[in-house]
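A.B. asks: no sequence on this one, just coordinates:
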Ligand code: AMP
């Protein structure tokens, strides 16, 4: 089973993806993590994307589609969680093609619904917690970049909600509920009985 976790920055996609990795042995494909790893290891791509990411803007479709293609070609899994990908309609189309090429299907798109005030509090809180614990703070976890990240989300990513809804793949989950409740709601989506005509 392959799923997409959709939602604005700070909605809890990463937290929920990690839980599914632990409990279901699915494989998390986070383009944000891949890009940060490229930045850390100082690759050419990492250098190209560093400024864009710190600003909170989206990197090019070409780069992230390339990263996902590489993973789908090399990693074997009995279920992928796409976390932070796709973020544009062009990426959604590319994902359809890539999945079809490897004989896979997309089984559910789960939207984590939250409101913006909570996102700002969560993300600024995440940065403060990390700072207090002496851990590295994400370069884009500040109010200025967050504003850009939210604008990018509404402009380029939120149209995917309508797109997947029209395809009949969309399930909405209340991302404001506590973490266990969100886990439960996602589990119910993944375990639902297929609709038989
Ligand atoms: P995330 O960890 O998902 O919040 O992603 C962090 C940053 O990486 C984003 O703000 C973008 O700059 C970049 N990024 C991650 N995934 C994508 C994507 N699918 N398309 C474009 N940019 C992305």
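C.D. replies: Okay, I see it. These numbers come from a predicted model, not from an experiment.

A.B. asks: Residue 43: neighbour count?
C.D. replies: Other residues within reach of residue 43 by the criterion other Cβ atoms under 10 Å amount to 12. Bear in mind the C-beta positions are built from the backbone N, C-alpha and C, glycine included.

A.B. asks: my bad, should have said residue 28
C.D. replies: Residues near residue 28, counting by other Cβ under 10 Å, number 20.

A.B. asks: What's the biggest helix in this protein, counting residues?
C.D. replies: The helix spanning the most residues in the chain, taking DSSP state H as the definition, is helix 116-132.

A.B. asks: Which neighbouring elements make contact with that helix?
C.D. replies: Contacts defined by 3 or more Cβ pairs under 8 Å, 6 or more residues apart in numbering; DSSP states H and E place helix 116-132 against helix 143-152.

A.B. asks: Return the set of buried residues in the helix it packs on.
C.D. replies: Neighbour counts over helix 143-152 (16 or more other Cβ atoms under 10 Å) mark 145-146, 149-150, 152 as buried.

A.B. asks: Let me see the residues that make contact with that helix.
C.D. replies: Helix 143-152 is touched from outside by 8-10, 54-58, 87, 116, 119-120, 123-124, 139-140, with contacts defined as Cβ atoms under 8 Å, 6 or more residues apart in numbering.

A.B. asks: Nearest to the ligand: which residue in this protein?
C.D. replies: When distances are taken as Cβ to the nearest ligand atom, the chain reaches nearest to the ligand at residue 32, 2.0 Å away.

A.B. asks: Could you pull up phi and psi at that residue?
C.D. replies: Residue 32 has phi and psi values of phi -60, psi -50 when expressed as degrees, to the nearest 10.

A.B. asks: Tell me which residues touch it, please.
C.D. replies: Residues in contact with residue 32 (Cβ under 8 Å, 6+ apart) are 14, 83-84.

A.B. asks: for residue 140, same thing?
C.D. replies: Here residue 140 is in contact with 53-56, 146, 149 (criterion: Cβ under 8 Å, 6+ apart).

A.B. asks: I appreciate the help and will end here.
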